[in-house]
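J.: Requesting a structural model of the entry that follows:
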Amino acid sequence: QVQLAESGGGSVQPGGSLRLRCTASRSIFSEFVLADMGWYRQGPGTQRELVASITGGGSTKYADSVTGRFTISRDNSRKTVYLQMNSLKPEDTAVYYCNNARTGAWGQGTQVTVSS
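T.: Numbering: from 1, shown residues only. Modelled structure (predicted):
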């Protein structure tokens, strides 16, 4: 069974940065390399929303709310996807999840809190 594990969340002040990591385990190499991977978030009382995605070929897309502040990247040799988050705002507070669109797998989430 494919598993995704997120890490890197935490509490930061507005304007701060965090780097999230999502690592795939128990997956064959092609399940990761060929997969579109996405970072989603769910804030208090809100629906889960797509924050950023990256295709197997490295093309990226971002939600308007994070464009210019967040960067998604991947290291296929490590079966890992990253989300670099800069200039964080209180409205970025949420649980962040990664998703493998090819297998449908989700991680357990990592909490990001932005507060002064």
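
J.: And for the residue lying closest to Asn99 once chain neighbours are set aside, the neighbour number?
T.: By the measure of CB to CB, 6 or more residues apart in numbering, the closest residue to Asn99 outside its immediate chain neighbours is Gly38, 4.7 Å from it. Quick note: C-beta positions are derived from backbone N, CA and C, even for glycine. Neighbouring residues of Gly38 were enumerated by other CB atoms under 10 Å; the total is 21.

J.: Tell me how far Gly38 lies from Ser115.
T.: To Ser115, Gly38 is 26 Å away according to CB to CB, to the nearest Å.

J.: try Cys98
T.: For Cys98, the distance to Ser115 (CB to CB) stands at 23 Å.

J.: Need phi/psi at Val33.
T.: Recorded main-chain torsions at Val33 are phi -60, psi -40, according to degrees, to the nearest 10.

J.: how about the nearest residue to it once chain neighbours are set aside, what does it touch?
T.: Leaving aside its sequence neighbours, Val33 sits nearest to Asn76 (CB to CB, 6+ apart; 4.9 Å). Neighbouring residues of Asn76 by CB atoms under 8 Å, 6 or more residues apart in numbering: 29, 32-33.
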